[in-house]
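# sequence unavailable; structure follows:
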């Protein structure tokens, strides 16, 4: 991932995430980091108009964000998602968590600095959490991601032990 492939800007408590290229697990760590900055009054728009593809980890982090907003009675706005991207989200049963629109409402803002990539432990934790969010959002994903979650959890434990 190039740093310009994931651009996050903030203006008056609203965040805009612009995604370009092939969104994968490399994009997930900065979005997970952003999740920690969100408050009760935050609005979030994710512009996918230049996104070519998404992997399950990226979709899982989107789901984590959407579930966080849903608890507050709001929806994350997905902007300009192609039919291919929407089909991926529908196939995982999570498209219903998002408000899909064609145009963004957000303009301007200040660039938010985020980690371009995490260390191996942070990445493994993000992969595990993202896939667990997909299962939490739609139980039919349990079988699809059972092995991914098991491997990611084992990686997390291994990396925690090696960091001691």
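That came through fine. Everything numeric in this text was worked out from a predicted model, so none of it was measured. Residues are numbered from 1 along each chain as shown.

# OK, contacts around residue 162?
By Cβ atoms under 8 Å, 6 or more residues apart in numbering, residue 162 lies in contact with nothing. Backbone N, C-alpha and C define where each C-beta goes, glycine included.

# oh, and call the first residue 791 from now on, that's how I've got it
Yes, from this point I'll number from 791; that puts the last item at residue 952.

# how close does it sit to residue 942?
As judged by Cβ to Cβ, to the nearest Å, residue 952 and residue 942 stand 16 Å apart.

# and the longest helix for the protein?
helix 932-952 (DSSP state H).

# averaged over its residues, what pLDDT does that one have?
Averaged over helix 932-952, pLDDT sits at 93.

# now that helix: how far from the chain's centre is it?
Between the centre of helix 932-952 and the centre of its chain there are 19 Å (Cα atoms, centre = their mean, to the nearest Å).

# and for stretch 807-816?
Per Cα atoms, centre = their mean, the centroid offset for stretch 807-816 relative to its chain is 9 Å.

# what pLDDT, on average, does that stretch get?
91.

# same thing with stretch 913-924?
93.

# what about the strands in the chain?
In the chain, the segments counted as strands under DSSP state E are 796-801, 804-813, 833-844, 866-869, 888-891, 900-901.
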